[in-house]
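Visitor: here are the coordinates; sequence isn't available:
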């Protein structure tokens, strides 16, 4: 099985388990900079050199060796589940991707046909009922996660605990888990603890948001997208994420966690 979704600096100063929709573009660029003193020119997800990635065959052996020996600072980053699934919807379903097309080709037409999801288009300035369409998308996301129908769950809306657990189950161990909502503090702690060839201050890092500007802007506050049924579905899908990463299920508008992550609890509960 190995360590899918894992990135490592070439200097082997740090190892990162990617969790989609949790600042992974920024984290990848910071890792790249900490080795080379410059940012990758383009979307870091497209890089094929300068950063070890499990998806690159030549990177698998060095990643495996470092993870198993725990010779590098190892970390990941999490995000409020309400905000994360909303971001997935606006980026992957309602937005146009970097290649100018819809995400996964026929996924959006399939959602329109089977679930009645409407996401507008650039031609009508993405005019659609965001709340109704999001709730229908949420039903689809739950179906993919619960029954793997009408397709396998997508990495952008499958639970964070699932991504994070594969790393533990296969023999990895985290040193730090920080919050997207407190990104600068958390990322700086990682950089301070890792022996990086190039030092950098997170406050100086430009914004890397690869999904921004490709689709509609969220028109309502978070809680307005989640009625009783939606919140029931969210709990069904992300119960572990709320519990382990201390997010506030009762108040969707409170994006901040209610406490720090207990790393030992994460290893105990996700390492089974």
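Guide: Cool, got the structure. Bear in mind that the values here come from a model prediction, so they are computed numbers and not experimental data.
Visitor: May I see the buried residues of the helix-or-strand element of the chain with minimal mean pLDDT?
Guide: Every helix and strand of the chain was ranked by mean pLDDT, DSSP states H and E. The lowest is helix 107-115, at a mean of 94. Using 16 or more other C-beta atoms under 10 Å as the test for burial, helix 107-115 gives 107-108, 111, 115. The C-beta positions use only the backbone N, C-alpha and C, and glycine is treated the same way.
Visitor: for whichever helix or strand residue 239 is part of, packing partners?
Guide: Using DSSP states H and E, residue 239 maps to helix 228-244. Here helix 228-244 touches helix 81-88, helix 130-147, helix 160-169, helix 263-270, going by 3 or more C-beta pairs under 8 Å, 6 or more residues apart in numbering; DSSP states H and E.
Visitor: what does it rub up against?
Guide: The contact list for helix 228-244, computed with C-beta atoms under 8 Å, 6 or more residues apart in numbering, reads 78, 81-82, 85, 135, 138-139, 141-142, 145-146, 159-161, 226, 247-249, 252, 261-262, 265-266, 269-270.
Visitor: what's the angle between that helix and helix 263-270?
Guide: 120 degrees (axes from the mean of the first three to the mean of the last three C-alpha atoms, to 10 degrees).
Visitor: quick one: average pLDDT of helix 228-244?
Guide: Here helix 228-244 scores 98 as its mean pLDDT.
Visitor: can I get the helices and strands packed on helix 228-244 in CSV with distance to residue 201, mean pLDDT and mean neighbour count?
Guide: Output for those, formatted as CSV (distance: least, C-beta to C-beta, whole Å; pLDDT from 0 to 100; neighbours: other C-beta atoms under 10 Å):
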stretch, distance to residue 201, mean pLDDT, mean neighbour count
helix 81-88, 26, 97, 23
helix 130-147, 37, 97, 19
helix 160-169, 27, 98, 20
helix 263-270, 25, 98, 14
